[in-house]
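>>> What shape does this take:
(one chain, ligands or ions: 2)
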Amino acid sequence: MSETMPSTMRDRAYQIYLDFLETAENKRRWNIFNDVPWERLDSGKATDQVGDRVEIFCTEELYVPDYSSKALDLTRSVFGMAWFQTCWAFEESRHGLVFREYLTRSGLRSPAQFEALETGTFSKEWKLPFQTIRQMTCYGALQESATFTAYNQQRNKARDAGDQVLEAIFLFVGRDEAAHAGFYRDMLQLELIHNREETLADLAYVLSNFKMPGDGLIPDYRRRLASSGAGISPRVFLARVVWPLLSTLEISREEMKGAMKKHAPVTVSNARAEISV
Ligand SMILES: [Fe+2]
Ligand SMILES: [Fe+2]
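Ligands and ions are numbered 1, 2, ... in the order given. Below you'll find the model as predicted:
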């Protein structure tokens, strides 16, 4: 599966990726071995609830082989987007890895428990939730921003609990997610410039069908998010993810509501009831 894109858009997509990469290489790279203060790991701070939260995030990050192979297949003909996917996959691969290291080094999960988790995880396959580059761009802008919001919340919790290792992990991982959201937001801006009507229709459609990647894939996802305190509420999703995105893209609420009415089977307020991140 691949798509074509007009050459002016392709040139701009390349530039957006180059800007993303320059910032990543110069300012954002972090080292899993040296930047996380592992020597300060305090098993006393690593409670069962922390273990449940980190495990669910880790599981969601473990699907990186599916996320990256399917997204690469979709974007392979657009240089900026395909190369972004390769860079993105490398960054995401470290997220699952650092969560795994935290779970095992802290003793929250034994190697055997982690192996069982890995087997369970890969017995299922993640599939693209949307079928076009533009819809997946809408999805990426929302999903990465929701993930950043959840991780930022976890960073605050870790700080309040005095867990310096987990605080550092959520800082680095969250910063990556914010940068990913930024890339998709810039791509969405580009799509809006080229085709506002259709892009708004896609955004309305994606918003009304939005769910996090682990939802429907990880057993008991919503319940576990809620009971462990790992999720973000629908209110927070709207306040920290949806409205800021629309405001950055200069889409008024009226314009968005109009698009939702026309192109999505449910309203924004109905859609948010479906969102349990
Ligand atoms: Fe991630
Ligand atoms: Fe991400």
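>>> Every contact and neighbour count from this point should use C-alpha atoms.
Noted.
>>> dump the residue contacts of I32.
For I32, the contact set (C-alpha atoms under 8 Å, 6 or more residues apart in numbering) comprises 94, 98.
>>> Same question for A13.
With C-alpha under 8 Å, 6+ apart, A13 has these contacts: 79-81, 187, 190.
>>> Type out the ChimeraX command that picks the buried ones from the residues you listed.
To isolate in ChimeraX the members of those that are buried, counting by 16 or more other C-alpha atoms under 10 Å, one can use:
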select :80,81,187,190
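>>> Quick one: mean pLDDT for the helix or strand where L97 lies?
In this structure, L97 sits in helix 79-105 according to DSSP states H and E. Across helix 79-105, pLDDT averages out at 97.
>>> now swap in stretch 261-276 and tell me
57.
>>> what does stretch 164-182 give?
So the average pLDDT for stretch 164-182 ends up being 98.
>>> can you list contacts of that stretch?
20, 28, 30, 36-38, 40-41, 88, 91, 95, 98-99, 102, 140-145, 147-149, 151-152, 154-156, 158-159.
>>> Among the contacts of A13, find me the one that's closest to T132.
Proximity of these to T132 was ranked by C-alpha to C-alpha; the top entry is M81 with 12.7 Å.
>>> If I follow the layout properly, the closest one ends up in contact with Y17?
Yes: counting by C-alpha atoms under 8 Å, M81 touches Y17, with 7.1 Å between them.
>>> returning to what we had before: which of the contacts of stretch 164-182 fall in strands?
Among the contacts of stretch 164-182, no member falls in strands (DSSP state E).
>>> remind me which residues of the stretch 1-150 of the chain are low pLDDT?
By pLDDT under 70, the weakly predicted segments of the stretch 1-150 of the chain are 1-3.
>>> Export only the CA atoms of stretch 248-261, formatted as CSV.
Extracted C-alpha coordinates of stretch 248-261, given in CSV (Å, rounded to 0.1, in the frame of the first residue of the first chain):
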residue,chain,number,x,y,z
THR,A,248,-2.3,25.7,16.6
LEU,A,249,-3.8,24.7,13.3
GLU,A,250,-6.1,27.8,13.4
ILE,A,251,-9.2,25.7,13.1
SER,A,252,-12.1,27.3,14.9
ARG,A,253,-14.3,25.2,17.1
GLU,A,254,-17.3,26.2,14.9
GLU,A,255,-15.4,25.0,11.8
MET,A,256,-14.5,21.7,13.5
LYS,A,257,-18.0,21.2,14.7
GLY,A,258,-19.3,21.8,11.2
ALA,A,259,-16.9,19.2,9.8
MET,A,260,-17.9,16.7,12.6
LYS,A,261,-21.6,17.2,11.7
